[in-house]
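S.K.: The following comprises the amino acid sequence and a computationally predicted model.
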Amino acid sequence: MADFSFWIIFSNLLLATRWTILLSLIAFAGGGLVGAALLYMRVSHHAWARRCAILWIEFFQGTPLLMQLFLLFFGLALFGLEASPWTAAALALTFWTSAFLAEIWRGCVEAIPRGQWEASESLALTFSQQMRYVILPQALRIAVPPTVGFSVQVVKGTALASIIGFVELTKAGTMLNNATFRPFLVYALVALIYFALCYPLSWSARKLEARLHAAG
């Protein structure tokens with residue numbers, strides 16, 4: 001009976017893990033798109049664009065992700081919009097991810113020697129052309145390790161979505177614990193599944209960073 005209970009718990013946690021992975025992918029992909037737009041605004045020559053990007057980044061970096069989840073889940077109702085746990089979690093994690101990715105990528109862009117900007121300017125390239133053909137291809141090489149490393153934080157951040165009722169791995173663990181009264185088994189399995197998700201990403205980030213330093 002104990003073995004049967006173990007496999008029931010484990011199989012249900014694996015089912016919930018699908019939603020953790022899907023939410024992580026949505027947040028990372030959406031955050032990457034918004035973060036790319038913020039990056040362009042952050043390094044642009046227009047002061048208003050830089051100020052808007054800084055305001056966005058400082059808000060989402062400077063406030064707890066949990067508060068952002070609550071604001072989107074409960075706050076949208078004030079404007080007559082009903083947000084499901086799925087929608088609120090996806091939006092909050094996307095916005096939160098975008099702020100951090102934009103700053104990671106800005107650091108990589110600013111790591112490119114100033115001479116590259118000046119050389120491209122001498123070729124009469126526009127700002128967009130400079131970014132597309134000269135700066136971003138070089139910055140991409142630097143950006144890959146920290147970007148992969150940050151994906152671990154996105155996976156961990158999905159756990160907070162359980163607070164607003166989104167049934168992902170952590171929420172499923174809580175529900176199973178309430179039903180089985182086996183907290184050590186349930187949360188040990190939850191921790192192992194998170195480790196299985198995050199360790200390959202952490203390992204990949206370290207290997208990429210080591211390869212980048214060796215190439216440099």
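M.R.: Cool, got the structure.
S.K.: Can you give me the distance of P183 to L169?
M.R.: Distance, P183 to L169, by Cβ to Cβ, to the nearest Å: 15 Å. Yep, even glycine has a C-beta here, placed from its N, CA and C like the rest.
S.K.: same question, W48
M.R.: For W48, the distance to L169 equals 41 Å [Cβ to Cβ].
S.K.: So which of these two has more stuff around it?
M.R.: Neighbour tally, W48 and L169, criterion other Cβ atoms under 10 Å: the higher count belongs to L169, 28 against 9.
S.K.: The more buried one contacts A159, doesn't it?
M.R.: Yes: L169 lies in contact with A159 (Cβ atoms under 8 Å); the separation is 7.1 Å.
S.K.: Quick check: neighbours shared by the two?
M.R.: Shared contacts of L169 and A159, defined by Cβ atoms under 8 Å, 6 or more residues apart in numbering, comprise Y194.
S.K.: For the protein, which segments count as helices?
M.R.: 2-42, 47-62, 65-75, 85-110, 114-122, 127-129, 136-157, 169-180, 183-215 (DSSP state H).
S.K.: just those: most buried one?
M.R.: Most buried of the helices of the chain by mean neighbour count (mean count of other Cβ atoms under 10 Å) is helix 85-110; its value is a mean of 21.
S.K.: how far is that one from where the chain is centred?
M.R.: 6 Å (Cα atoms, centre = their mean, to the nearest Å).
S.K.: I'd like to know which elements it is packed against.
M.R.: Where contact means 3 or more Cβ pairs under 8 Å, 6 or more residues apart in numbering; DSSP states H and E, helix 85-110 is packed against helix 2-42, helix 47-62, helix 65-75, helix 136-157.
S.K.: which other residues reach stretch 151-158?
M.R.: 20, 23-24, 27-28, 31, 65, 89, 93, 96-97, 100, 168-170, 194, 197-198, 201-202, 205.
S.K.: Tabulate the CA atom coordinates of it in CSV.
M.R.: Extracted in CSV, the C-alpha atoms of stretch 151-158 (Å, rounded to 0.1, in the frame of the first residue of the first chain):
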residue,chain,number,x,y,z
SER,A,151,15.9,30.8,-16.4
VAL,A,152,16.5,28.9,-13.1
GLN,A,153,15.0,31.9,-11.2
VAL,A,154,12.0,31.9,-13.6
VAL,A,155,11.3,28.2,-12.8
LYS,A,156,11.5,28.9,-9.1
GLY,A,157,9.4,32.0,-9.4
THR,A,158,6.5,29.9,-10.7
